[in-house]
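> Got a sequence here, can you model it:
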Amino acid sequence: MMQSPSTKYGGKFFQVVLLYSKTKLHAIYNNKRVVSLHDSLWGTYDQGFDEADFFT
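All right, here's what the predicted structure looks like:
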């Protein structure tokens with residue numbers, strides 16, 4: 001008995017979409033983690049070296 005194309009490829013399509021979504025969520029999570037780490041190390045205010053008041 002032959003399977004219809006929707007049944008035959010439906011499982012693979014679901015796996016591809018699931019893998020793509022998982023990859024995107026990991027990328028978003030990693031980006032937020034890197035930003036959080038950068039902020040905790042260097043602060044959130046973007047200031048230049050001359051504006052940092054190191055020598056005043």
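> What is the burial count for residue 24?
Residues near residue 24, counting by other C-beta atoms under 10 Å, number 10. C-beta here means a position set from N, CA and C on the backbone, and glycine is covered the same way.
> let me redo that: residue 11
9.
> Check the one 4 residues further on too.
Using other C-beta under 10 Å, residue 15 is surrounded by 10 other residues.
> What distance do you get for it to residue 32?
Distance, residue 15 to residue 32, by C-beta to C-beta, to the nearest Å: 26 Å.
> Likewise for residue 19?
Counting by C-beta to C-beta, the gap from residue 19 to residue 32 is 21 Å.
> do residue 23 as well
To residue 32, residue 23 is 15 Å away according to C-beta to C-beta.
> Check residue 41 too.
Taking C-beta to C-beta, one finds residue 41 at 15 Å from residue 32.
> more neighbours, these two?
Legend: neighbour count by other C-beta under 10 Å for residue 41 and residue 32, higher for residue 32 (10 against 7).
> give me the element that one is part of.
In this assignment (DSSP states H and E), residue 32 forms part of helix 5-42.
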